[in-house]
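Colleague: below are the sequence and a predicted model; questions follow.
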Amino acid sequence: MIFLALILLLTACGPVLIVKDPLSAEESFQLGYIYHLESNHKSAIYHYKRSIKKNPKHWQAYYNLGTLYATLGDFESAKKALNRALELNDSPSIRNNLAYTHLMLGDICEALWHFQMGNIQNQELFRALKQHEELCLHWKSWERTDSRGAF
């Protein structure tokens, strides 16, 4: 109410310029990155989202947002952001983070697939997951059969 009264008072004195958001998508991203480095997670998320709103194709904002969500343990949000980053820019680092995210969600088959498609940075983990490859292939073929209603 006080804010509305202040606006009315200011408009009575003459034209008022209201600037909605003076930062560009890249400036919002950079500010988010600074907050990210300072472990100010709430502000980092806010500015990464502002960057994405201004430029929905800013893959780095999606990547950093997904990485931050994963760091905070919100793996579903991380998966969503990292998948969008991957749609915009298929890179090994995105695939690697997406693989770890799937692994944390318990989806070993998706994790293995992303590790295989990207530049595997953790060979020991990859070898351990590779042992489950045959199980994943059987699971995927069962899913296809089951989706048609046949067993």
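Modeller: Sure, I can see it. What you see is a predicted model; the values in this text were computed from it and never measured.
Colleague: you'd agree residue 32 is up against residue 51?
Modeller: Yes: the pair residue 32 / residue 51 is scored as a contact, 6.2 Å apart, by CB atoms under 8 Å. (C-beta placed from N, C-alpha, C; glycine too.)
Colleague: shared neighbours of these two, which are they?
Modeller: Common contacts of residue 32 and residue 51 (CB atoms under 8 Å, 6 or more residues apart in numbering): residue 61.
Colleague: ok, residue 59 - contacts?
Modeller: 84, 85, 88, 89, 94.
Colleague: can I get the buried part of those residues as one PyMOL selection?
Modeller: A single PyMOL command selects the buried members of those (16 or more other CB atoms under 10 Å):
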select buried, resi 84+85+88+94
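Colleague: using CSV, lay out the contacts of residue 59 together with distance to residue 68, secondary structure and pLDDT.
Modeller: Output for the contacts of residue 59, formatted as CSV (distance: CB to CB, whole Å; DSSP: H, G, I helix; E, B strand; the rest coil; pLDDT from 0 to 100):
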residue, distance to residue 68, secondary structure, pLDDT
84, 14, helix, 98
85, 12, helix, 98
88, 17, helix, 97
89, 17, coil, 95
94, 14, helix, 93
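Colleague: between the contacts of residue 59, which is closest to residue 62?
Modeller: Taking CB to CB as the measure, residue 62 lies nearest residue 85 of the contacts of residue 59, at 3.8 Å.
Colleague: before we move on, the earlier item: turn the contacts of residue 59 into CSV, columns for distance to residue 69.
Modeller: Formatted as CSV, the contacts of residue 59 follow (distance: CB to CB, whole Å):
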residue, distance to residue 69
84, 12
85, 12
88, 17
89, 18
94, 14
